[in-house]
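Peer 1: Pasting a predicted model and its sequence here:
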Amino acid sequence: MPMKKFLTAPAIALACALACAPASAAERVVNIFNWSDYIDPGVLEDFTRETGIKVVYDTYDSNEMLESRLLAGATGYDIVVPSATFLQRQIKAGVLQRIDRKRLANAANIWSEIDGRLSIYDPGSAHAINYMWYTTGVAYNVAKVKERLGKPITSWDQVLRPEALKKLADCGVYVLDSPEDVFAITLNYLKLDPDSKNEADLKRAADHLSGLRRWIKKFHSSEYINALANGDICVAIGWAGDSLQARNRAREAGAEVDIAYAIPVEGALMSLDNLAIPVDAPHVAEAYQFIDYLLRPDVAARNTKATNFANGVALSRPLIDKSIADDPAVYPNEATMRRLFTVTPADQQKQKLITRLWTTVKTGR
Ligand code: N2P
């Protein structure tokens, strides 16, 4: 279930709004639906302080969850953050509106290289603006993996080969509940096209994953952050920033837990998450104001510092601590970039097949 977080303006502003504003003045608000653990909460508070716009902030942890809401319509959301492949399908379905970049004073801060990658999914980047971009790799507990494998994780073979995964199962393995990520990685591991939508290829990947199920404790896309930090699990196929948040949470808690994140030698999936405005958004002007705020280099830098995800504002990079800005797990260097692959969206029919195969992978039925 999405978690609810309701942010109000500072008490003083609220008191004034109640006491000073004419009764008819509509309260300015922006309703945001974003991934969990994906923003510095202080940014939301400062946005309200600076603009007087109240932020209502809900979270999700899967594209499927967002997509089913968007396709049902009337979400009430002003900003949503689909990954690029889902974005492309949602544009075709007519559920997102065009974004006029002339209305964004900070549009010049958009990182052109990342924007170019986004335009593969959204020609001319007409409906979206990149928020964060990242890889899907392996987060692991350094000591527990060393005990069991004698070495760090560097290859998908250490987690995707049944006899190898079996060695890690007793300390707890989580896998993202995200068929797009996990199919792409498995297809690539099986030396098939990671972007294959061929039914036989997808079935082969699903069969392989079904063979791993008994060694997997849970398929989940957000709980692994705390589970790793607490030492409850030792391996997760996860997203870069979330994996590093797990490492940081363990450090902050002073726990004897050291978490590392690997982009395996065979390569990893690179994805883009993007700010978009639903076609029926009730507060479009406020949505523009919020997107413009996120495009400020100092604000983008704060969000990367808090989440360990690379953002789409190039000028924010010099404002980010070197430990994050120069970490190839966050901002992959040229050599790592060459190992990354991307995927394209499945059409509705193939998406149904993927959903069906994924249910079988997770449940055996
Ligand atoms: C944030 C996850 C974002 C990456 N916790 C997956 N879209």
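Peer 2: Thanks, I have it.
Peer 1: ok, now how distant is Leu187 from Ser125?
Peer 2: When distance is defined by CB to CB, to the nearest Å, Leu187 is 28 Å away from Ser125. C-betas here are computed from N, CA, C, even on glycine.
Peer 1: any idea of the pLDDT on Ala26?
Peer 2: In this prediction, Ala26 carries a pLDDT score of 74.
Peer 1: Please state the offset of the helix ranked longest in the chain from the chain centre?
Peer 2: Under DSSP state H, the helix in the chain containing the largest number of residues is helix 348-363. For helix 348-363, the separation from the chain centroid amounts to 21 Å (computed by CA atoms, centre = their mean, to the nearest Å).
Peer 1: and the closest residue to Gln348 other than its chain neighbours, helix, strand or coil?
Peer 2: Taking CB to CB, 6 or more residues apart in numbering, and ignoring the residues beside it in sequence, Gln348 has Arg89 as its nearest neighbour in space, at 7.8 Å. Of the three states, Arg89 takes helix under DSSP: H, G, I helix; E, B strand; the rest coil.
Peer 1: Hmm, Arg89 is touching Lys350, no?
Peer 2: No: counting by CB atoms under 8 Å, Arg89 stays clear of Lys350, with 10.8 Å between them.
Peer 1: Name the residue in these two with the higher neighbour count.
Peer 2: For Arg89 versus Lys350, neighbours defined as other CB atoms under 10 Å are more numerous around Arg89 (20 against 14).
Peer 1: quick one: contacts for the more buried one?
Peer 2: Glu67, Pro345, Gln348, Gln351 (CB atoms under 8 Å, 6 or more residues apart in numbering).
Peer 1: and the longest helix of the chain, which residues are buried?
Peer 2: Taking 16 or more other CB atoms under 10 Å as the basis for neighbour counts, the residues of helix 348-363 that come out buried are Gln351, Leu353, Ile354, Leu357, Trp358, Val361, Lys362.
Peer 1: which one in the residues you listed is the model shakiest on?
Peer 2: Gln351 (94).
Peer 1: ok, now how distant is that one from the ligand?
Peer 2: Computed as CB to the nearest ligand atom, to the nearest Å, the Gln351 to the ligand distance reads 17 Å.
Peer 1: And that residue, how far from Trp35?
Peer 2: With distances defined as CB to CB, the gap from Gln351 to Trp35 amounts to 20 Å.
Peer 1: try Tyr224
Peer 2: Using CB to CB, Tyr224 is found at 14 Å from Trp35.
Peer 1: between these two, what contacts are shared?
Peer 2: Counting by CB under 8 Å, 6+ apart, no residue touches both Tyr224 and Trp35.
Peer 1: Pro328 contacts Met337, doesn't it?
Peer 2: No: the pair Pro328 and Met337 does not pass the contact test of CB under 8 Å, sitting 9.1 Å apart.
Peer 1: Give me every residue in the stretch 101-250 of the chain lying close to the ligand.
Peer 2: For the stretch 101-250 of the chain, the residues found near the ligand under the criterion CB under 6 Å from any ligand atom are Tyr134, Trp239, Asp242.
Peer 1: pLDDT weak spots in the chain?
Peer 2: Flagging of the chain using pLDDT under 70 yields the residue ranges 1-25.
Peer 1: which residue ranges form the strands in it?
Peer 2: 4-7, 29-35, 54-60, 79-80, 129-141, 173-175, 218-219, 235-239, 259-262, 268-275, 310-311, 340-341 (DSSP state E).
Peer 1: distance between the ends of stretch 245-265?
Peer 2: Using CA to CA, to the nearest Å, the end-to-end distance of stretch 245-265 comes to 22 Å.
Peer 1: what does it rub up against?
Peer 2: By CB under 8 Å, 6+ apart, the list of residues contacting stretch 245-265 reads 37, 135, 137-143, 152-156, 224-226, 228-231, 236, 238, 240, 243-244, 307-308, 328-329, 332, 336, 339-340.
Peer 1: Of these, grab the buried ones for ChimeraX.
Peer 2: Here is the ChimeraX command that selects only those of the contacts of stretch 245-265 that count as buried (16+ other CB under 10 Å):
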select :37,135,137,138,139,140,141,153,156,224,225,228,229,231,236,238,240,243,244,307,308,329,332,336,340
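Peer 1: Can you tell me which of the contacts of stretch 245-265 end up in helices?
Peer 2: In helices, defined here by DSSP H, the members of the contacts of stretch 245-265 are Val142, Ala143, Tyr224, Ile225, Asn226, Leu228, Ala229, Ala240, Ser243, Leu244, Thr307, Thr336.
Peer 1: Can you say which two of those are spatially most distant?
Peer 2: Asn226 and Thr336 (27.1 Å; CB to CB).
Peer 1: hang on, the earlier thing: what helices and strands are in contact with the longest helix of the chain?
Peer 2: Helix 348-363 is packed against helix 179-189, helix 199-210, with contacts defined by 3 or more CB pairs under 8 Å, 6 or more residues apart in numbering; DSSP states H and E.
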